[in-house]
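>>> No letters, just coordinates:
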């Protein structure tokens with residue numbers, strides 16, 4: 001994707017129900033209620049499932065991912081996630 005391209009001009013990278021894992025540590029930026037700012041919401045490599053897809057600032061997709069280990073539902077950007085191969 002080019003810097004001047006809108007992610008929303010393309011279809012979502014992940015589908016509802018898809019198994020994904022985090023590419024990096026995700027901390028609370030102040031948008032997750034009930035947790036301190038900076039608290040860990042998902043560790044690198046944590047597995048979850050996309051339960052809904054929304055948008056952010058009319059420019060990018062936000063994937064609501066349910067992490068079964070913690071029970072947290074965290075909004076993640078595409079660059080924070082990667083698909084999990086379920087063919088094993």
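Good, I have the coordinates. As the structure is a prediction and not an experimental result, all values here were calculated from the model.
>>> For the host helix or strand of residue 54, the averaged confidence score.
Per DSSP states H and E, residue 54 falls inside strand 47-56. Taken as a whole, strand 47-56 carries a mean pLDDT of 94.
>>> That strand: partners in the sheet, and parallel or antiparallel?
Here strand 47-56 has these sheet partners by DSSP bridges: strand 19-22 (antiparallel), strand 60-67 (antiparallel).
>>> Mean pLDDT, mean neighbour count and distance to residue 76 for those strands - can I get that in TSV?
Quick note: C-beta positions are derived from backbone N, CA and C, even for glycine. Below are these laid out as TSV (pLDDT from 0 to 100; neighbours: other CB atoms under 10 Å; distance: least, CB to CB, whole Å):
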stretch	mean pLDDT	mean neighbour count	distance to residue 76
strand 19-22	96	18	7
strand 60-67	94	19	5
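>>> For residue 84, which of the ones you listed is the nearest?
With CB to CB as the measure, strand 19-22 is the member of the strands paired with strand 47-56 nearest residue 84 (4.3 Å).
>>> Show me how far the next helix or strand after the closest one is from its chain's centre.
On the C-terminal side of strand 19-22, the closest following helix or strand by DSSP H and E is strand 26-27. For strand 26-27, the distance from its own C-alpha centre to the chain's C-alpha centre is 10 Å (CA atoms, centre = their mean, to the nearest Å).
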